[in-house]
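In: Mind looking at a prediction? Sequence and model below.
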4 protein chains.
Amino acid sequence: MALPRNTQQQNAQAQIITASCSSKLGTVDVVTRYLYQNGFYITEIHSFDDTENEQFFIRIEFRPDNGANFDRQAFFDGFSPQADKFSMQWQLVAKAYKPKIVIMVSKQDHCLNDLLYRWRVGSLAVDIQAIVSNHPDCESLAKWHNIPYYHFPISSETKAEQEALVWGVIQQYDTDLVVLARYMQVLSNDMCVKLKGRAINIHHSLLPGFKGAKPYHQAYEKGIKLVGATAHYVSDELDEGPIISQGVETVDHGFLPQDLAAKGRDVECLTLARAVQNHIENRIFLYGQKTVVFTK
Amino acid sequence: MALPRNTQQQNAQAQIITASCSSKLGTVDVVTRYLYQNGFYITEIHSFDDTENEQFFIRIEFRPDNGANFDRQAFFDGFSPQADKFSMQWQLVAKAYKPKIVIMVSKQDHCLNDLLYRWRVGSLAVDIQAIVSNHPDCESLAKWHNIPYYHFPISSETKAEQEALVWGVIQQYDTDLVVLARYMQVLSNDMCVKLKGRAINIHHSLLPGFKGAKPYHQAYEKGIKLVGATAHYVSDELDEGPIISQGVETVDHGFLPQDLAAKGRDVECLTLARAVQNHIENRIFLYGQKTVVFTK
Amino acid sequence: MALPRNTQQQNAQAQIITASCSSKLGTVDVVTRYLYQNGFYITEIHSFDDTENEQFFIRIEFRPDNGANFDRQAFFDGFSPQADKFSMQWQLVAKAYKPKIVIMVSKQDHCLNDLLYRWRVGSLAVDIQAIVSNHPDCESLAKWHNIPYYHFPISSETKAEQEALVWGVIQQYDTDLVVLARYMQVLSNDMCVKLKGRAINIHHSLLPGFKGAKPYHQAYEKGIKLVGATAHYVSDELDEGPIISQGVETVDHGFLPQDLAAKGRDVECLTLARAVQNHIENRIFLYGQKTVVFTK
Amino acid sequence: MALPRNTQQQNAQAQIITASCSSKLGTVDVVTRYLYQNGFYITEIHSFDDTENEQFFIRIEFRPDNGANFDRQAFFDGFSPQADKFSMQWQLVAKAYKPKIVIMVSKQDHCLNDLLYRWRVGSLAVDIQAIVSNHPDCESLAKWHNIPYYHFPISSETKAEQEALVWGVIQQYDTDLVVLARYMQVLSNDMCVKLKGRAINIHHSLLPGFKGAKPYHQAYEKGIKLVGATAHYVSDELDEGPIISQGVETVDHGFLPQDLAAKGRDVECLTLARAVQNHIENRIFLYGQKTVVFTK
């Protein structure tokens, strides 16, 4: 009997399971067997074994084969004991689920504008709950998109209070992912810990690395031939969290600092969007200081 | 009990299975279950479901978990009946196996030189059995690498005889893959059929496509801004076989035809090498007029 | 005596001259001599000689060396006789001049959104006069940016009348450049002739080229590994005008037609923006079926 | 009267002048006027003004317009007084001149192999005089190309003596350019000073920068998504000289250190070749800690 065609109904029931544990015979089978025995058709598997560190990662997309509704609770009850045999860390997400996002921004809005566009035309399948900023500049852009905008000014004296307000918004919306879309404030260690694995930052990454203020002026003085950007998970090491995606564009001596910055904006938009896309499709494992990304 | 470290002995026993069949519940499980029950540890799975055409593809790397030697015959005897239930097309290759390659070339030797280099330093794990050419030009390069060189001149009158000689070499060496590294002759339909799925060609692919003679002169007249290359499996449609990999480089108006050709050579080398690498790692499924490539 | 620092006043007076004629001894000197003798400091020269066609192209940025105001009329009166000796085609534009742009769009607004963003933050130095569309979809985006929006529906019967309306808008605003930002209508020959050299179009350019409807579906069936875009001047050959810029992004078998289209949008935005940027900086010579682009 | 067609004779007489001085009215005119008055036709000019530092750079390709032979001495005698008025640093090179190159290498020969290939097929117009190495490994490759090979072993005790031998070779061959094609020894300060502006090095440039031993192992542990390479002029700051060209390739978590290194080799070859090409075409100005590169 032929399978039914790929329909909206099927997609509506599709699920993504991601799991990780120590490398051991049976890690794949324990998942695939359970799926088969419970009538789930697998549309995509991707696994990776970090042989150096003996760690196993797997991501599977599947759906009820018979067109039935997916019973999340039954899956949990049935699969949990199996996963426990391998001390497996695992997550189950409906493919149709749109993660709740809070975007944080300062004054520059190129990444914000880019993310809003992708969201607006449906290519970024998220629910943008709120935009938080330490400046008022992006409010009208938020308004046009009918997204609540929280303006929480910050100073060195009010940093703790401001972060409490930010944290309040993040909790209020049951936020799955915080996107730091050129939020120019360093988060406190405490905030970084709370957001571990669910906050993505974008920063310029020029070759060689220019730390400190006015990186594009430094880059101009050094005559660099590439500008780049790195999207990474927030960690308490500033701008040094686990890398998710990286991009570059070519430049030359004729690029003044403002030209380098303009090219940098292009790279930042694409690199951040790619990172967010991989995150919301549950394609990323955060793993020590690094990531495993099963990019499409 | 911890797994043994990733050792040379383990890698020597590692296997790659690739399989394809119609989409149907159980296609993954039939493979993963067999592997588990026979004590094989999976280090990498990658599957894809072409939902439009309801076709399933899977590639798995695995090895005996206990460090034992792999018994190929036993695997065939045990797994074949399982695969037959799904009318599965499958292949099993030892990861350490070095495919036997014959390279065909005319006068230009940039791709040949590149492939020989990768082979010489061990980054392209193949056995280059022979180089076949319709010209004598590359003989000394072949000699320096200690590879037999067959010079079979060709003319419109001798095309059939020449192809018979070429085919003789291909058979003599039990060739797994023929690489057309800028072999400037059109193969006969018969030859294309015989080599289906095991001959890779490289050709320039300029935007927009320039057919006919002197493509780089045409490209110069049109003022193109990119030069590209496409590696594809040989098919009886000239230069239109299933695409494996594609690459591009930027150019501008100042590139004379010979400059475009030089850039083209760089792209051709990288694009062909990538295609061959994916083929020899059994990462490619040839499928109608297209490929599924599980690139690393 | 040291030159004065690079100030806003100097930039305000900076000019760009572009010129072209048959290759002949003295083509450079006639320009550079005139500039020197009239006290103009040259900040950038770029020339190119198409030796195959014996055609000369030059672009020079210069400014009054003494900080004086630039006298456009005096320049014309003085330089015209010199240029005439070489039958030179030439143009003079103030560097600070913002070209008047009309953007044409249908339903898809990714390129429009991208151009508006660059304009809004000042990285695209144009005056966007109006947005013209055969659909109402982008009106609110236009409004938010305070740009007049003209909705001129079109059908096969009303094509001529609609084009007359469009042409009316183009004339009304004294338009320097029309940007077809995914305007999905074929312009009439007459319109193409009127807009020669001052209308830029963007279209997908997949490898190999897919003509006709649903190009991304064709591309999916063919298993392409790159999606691209080409920005070109409008000509009466549909989608075959002189190429200005081209871009690509990598894809694989897992990209469904909608995924290919999404990647395509990213490439189209960047490629069109680059073309418009080069045009407004007077970096492009349209020359037969090709362009000379002195990219920064 | 039409110009004569672009012939080999013309190309044989073509010259390249490069010049630099402080920004000042007349810097262009002093060169272009001289060329015109002496009957030289300009085929390409490229100038750049570093407005921040008030420094002027120009590169011109020209040839006798009447097909006459170029008289180098007469040019020097005539132009020197003009150049002196602007305290201009300038260089004049025949376009057909093939710079004398010495390549230095250790054990890894990917860049060497790539440069030799380009030289062999005529796309890199240099005279490779000698290959110098601290190891014997590349000798047979050198021999096959009929290039003298000097094996000068080095130890911490013999560093000074070995460098003296190297310097001897460089002088013996009247070397224009030394290419460090993966020469894994740090040159002494003295050697760096001697080679200023005429020695190009290639090194990996990973994002973020990994200093010290085993950079690809560090990169693997950090999960980088790009590997890159930077070609730069040798300076006494190790691996920090003025950048000439940079390249990158994408990678992912599945790339083991040896896979990263293999990708790195591809980038290094292309990046070094591009730098050398620009140098030998006299397209590079070394300028403080940076370069101005008039790339084709």
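Out: Nice, thanks for sending it over.
In: Run through the residues that contact whichever residue of the stretch 1-150 of chain A sits closest to chain D.
Out: For the stretch 1-150 of chain A, the residue closest to chain D is residue A:48, as judged by CB to the nearest CB, at 6.2 Å. Just so you know, the C-beta spots here come from the backbone N, C-alpha and C atoms, and that holds for glycine as well. By CB atoms under 8 Å, 6 or more residues apart in numbering or on different chains, the contact set of residue A:48 is A:56, A:57, A:58, A:292, A:294, B:44, D:253, D:254.
In: Now it: which helix or strand?
Out: strand A:40-50 (DSSP states H and E).
In: any idea of the mean pLDDT in that strand?
Out: Averaged over strand A:40-50, pLDDT sits at 96.
In: So what pairs up with residue A:248 in the strands?
Out: residue A:228 (DSSP bridges).
In: burial of it, as a residue count?
Out: 23 (other CB atoms under 10 Å in any protein chain shown).
In: Which pLDDT value belongs to the residue in the stretch 151-296 of chain A that chain B sits nearest to?
Out: Taking CB to the nearest CB, chain B has its nearest neighbour within the stretch 151-296 of chain A at residue A:250, 8.0 Å off. In this model, residue A:250 is scored at 93, pLDDT.
In: quick check: mean pLDDT across stretch A:74-89?
Out: Averaged across stretch A:74-89, pLDDT comes to 98.
In: what about it and chain B, any contact?
Out: No - Stretch A:74-89 stays clear of chain B (CB under 8 Å from any CB of the partner chain), getting no nearer than 12.4 Å.
In: Give me the residues contacting that stretch.
Out: Under the criterion CB under 8 Å, 6+ apart, residues A:15, A:19-22, A:24, A:26-27, A:30-31, A:34, A:38, A:90, A:92 lie in contact with stretch A:74-89.
In: and of those, the nearest to residue C:137?
Out: Lowest distance from residue C:137 to the contacts of stretch A:74-89 (CB to CB) belongs to residue A:15, with 34.3 Å.
In: Not counting sequence-adjacent ones, nearest residue to the closest residue to chain D within the stretch 101-250 of chain A?
Out: With CB to the nearest CB, the shortest gap between the stretch 101-250 of chain A and chain D falls at residue A:223, namely 2.9 Å. Closest residue to residue A:223 apart from its sequence neighbours, by CB to CB, 6 or more residues apart in numbering or on different chains: residue D:290 at 2.9 Å.
In: Got phi/psi on that neighbour?
Out: Backbone torsions of residue D:290, given as degrees, to the nearest 10, read phi -140, psi 180.
In: Might one say that residue A:261 is in contact with residue A:219?
Out: No - counting by CB atoms under 8 Å, residue A:261 does not reach residue A:219; the two are 9.4 Å apart.
In: okay, the angle between the strand holding residue A:48 and strand B:40-50?
Out: 130 degrees (axes from the mean of the first three to the mean of the last three CA atoms, to 10 degrees).
In: who's in contact with the residue nearest to residue A:94 when sequence neighbours are not counted?
Out: Distances taken as CB to CB, 6+ apart place residue A:15 nearest to residue A:94, at 5.8 Å, with adjacent residues excluded. Contacts for residue A:15 (CB under 8 Å, 6+ apart) come out as A:40, A:61, A:62, A:63, A:70, A:75, A:92, A:93, A:94, A:95.
In: need the residues of chain A near chain D, please.
Out: Residues of chain A lying close to chain D by CB under 8 Å from any CB are A:48, A:50, A:52, A:205, A:207-209, A:220-226, A:228, A:230, A:240, A:242-248, A:252-254, A:256, A:287, A:289-293, A:295.
In: Quick check: strands, which of the residues you listed are part of them?
Out: A:48, A:50, A:226, A:228, A:230, A:243-248, A:287, A:290-293 (DSSP state E).
In: For the stretch 51-200 of chain A, which residues are neighbours of chain C?
Out: So far as CB under 8 Å from any CB goes, the stretch 51-200 of chain A lies against chain C at A:109, A:110, A:113, A:114, A:117, A:121, A:123, A:140, A:144.
In: run the last query once more with 6 Å
Out: Contact residues (CB under 6 Å from any CB of the partner chain) of the stretch 51-200 of chain A with chain C: A:113, A:117, A:123, A:144.
In: State the distance from residue A:184 to residue A:215.
Out: Distance, residue A:184 to residue A:215, by CB to CB, to the nearest Å: 12 Å.
In: between these two, who's got more neighbours?
Out: Applying other CB under 10 Å to residue A:184 and residue A:215 shows that residue A:215 carries more neighbours, namely 20 against 13.
In: before we move on, the earlier item: quick one: residues contacting the residue of the stretch 151-296 of chain A closest to chain B.
Out: Residues counted as contacts of residue A:250 (CB atoms under 6 Å, 6 or more residues apart in numbering or on different chains) are residue A:226.
In: Next up, phi/psi of it, please.
Out: Dihedral pair for residue A:250: phi -80, psi 150, per degrees, to the nearest 10.
In: Tell me which helix or strand the closest residue to residue A:173 other than its chain neighbours sits in.
Out: The shortest distance from residue A:173 to any non-neighbouring residue, by CB to CB, 6+ apart, is to residue A:129 (3.8 Å). Residue A:129 belongs to strand A:127-133 when assigned by DSSP H and E.
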